[in-house]
Structure formats: structure tokens, C-alpha cells
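> Have a look at this prediction, sequence included:
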Amino acid sequence: MAEFDAELDARGLNCPLPILRAKKSINELSSGQVLKIVATDPGAVKDFEAFCKQTGNELVSSKEQGSEFVFMIRKQ
């Protein structure tokens, strides 16, 4: 598992809340820092892919662990 600088627990939240909370958390990071997000909404996979394309942030990893989805996003 990659190292990260901040973690966001988005379990139990449905679209668009995981994205909105991630946006707020990423805004608090410096360029190059990594945010780890744990979500349970299956729609979050496509949402975070689209979010990174729109914002220019890097989706370092996206994986499913049981019923949870774990994302690593590096702020540009």
C-alpha cells in the first residue's frame, strides 16, 4: 500500500458526498501530497476517475477490498 498524507473516511456516504468531501480534503493538501479515501458507494469508482480527470489530480490507485473501495489521489 502506498504511503499517504491524509485519510478520508467516506464509508456510508452516497454520491455526491464522497467527491465533495474529497475535494475539501485535497484543497487542504500541498501539491504532491496523497489523500487516501475509503468509500462504500460502488459509484465512487467512476466518480473519482472523472473527478481526477476534471481536476488534474492523479488517481494513483483504485482498488476494491471486500465491500470497500480504496482510492489514492495525489494532488497536482
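Arrived safely. Residues are numbered from 1 along each chain as shown.
> Can you show me the strands along this protein?
Counting by DSSP state E, the chain has strands at residues 6-10, 34-39, 58-65, 68-74.
> looking at the ones you listed, which is buried most?
The highest mean neighbour count among the strands of the chain, using mean count of other Cβ atoms under 10 Å, belongs to strand 34-39: a mean of 22. Just so you know, the C-beta spots here come from the backbone N, C-alpha and C atoms, and that holds for glycine as well.
> Give me the angle between that one and strand 68-74.
Between strand 34-39 and strand 68-74, the angle comes out at 160 degrees (axes from the mean of the first three to the mean of the last three Cα atoms, to 10 degrees).
> Just name whatever secondary elements strand 34-39 is in contact with.
strand 6-10, helix 17-27, strand 68-74 (3 or more Cβ pairs under 8 Å, 6 or more residues apart in numbering; DSSP states H and E).
> Could you give the backbone dihedrals for the residue of the chain most remote from its centre?
Residue farthest from the centre of the chain, counting by Cα atoms, centre = their mean, is Gly66 at 17.1 Å. Per-residue torsions, Gly66: phi 70, psi -120 (degrees, to the nearest 10).
> looking at it, Lys63 is touching Val45, isn't it?
No: here Lys63 lies out of contact with Val45, judged by Cβ atoms under 8 Å, at a distance of 9.7 Å.
> what's the overlap in contacts for these two?
Taking Cβ atoms under 8 Å, 6 or more residues apart in numbering as the criterion, Lys63 and Val45 both touch Phe69.
> Mean pLDDT added to the strands of the chain, as JSON lines?
Shown next, in JSON lines, are these (pLDDT from 0 to 100):
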{"stretch": "strand 6-10", "mean pLDDT": "98"}
{"stretch": "strand 34-39", "mean pLDDT": "98"}
{"stretch": "strand 58-65", "mean pLDDT": "97"}
{"stretch": "strand 68-74", "mean pLDDT": "98"}
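> can you redo the ones you listed as CSV with distance to Ile19?
As requested, those are exported to CSV (distance: least, Cβ to Cβ, whole Å):
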stretch, distance to Ile19
strand 6-10, 9
strand 34-39, 9
strand 58-65, 13
strand 68-74, 11
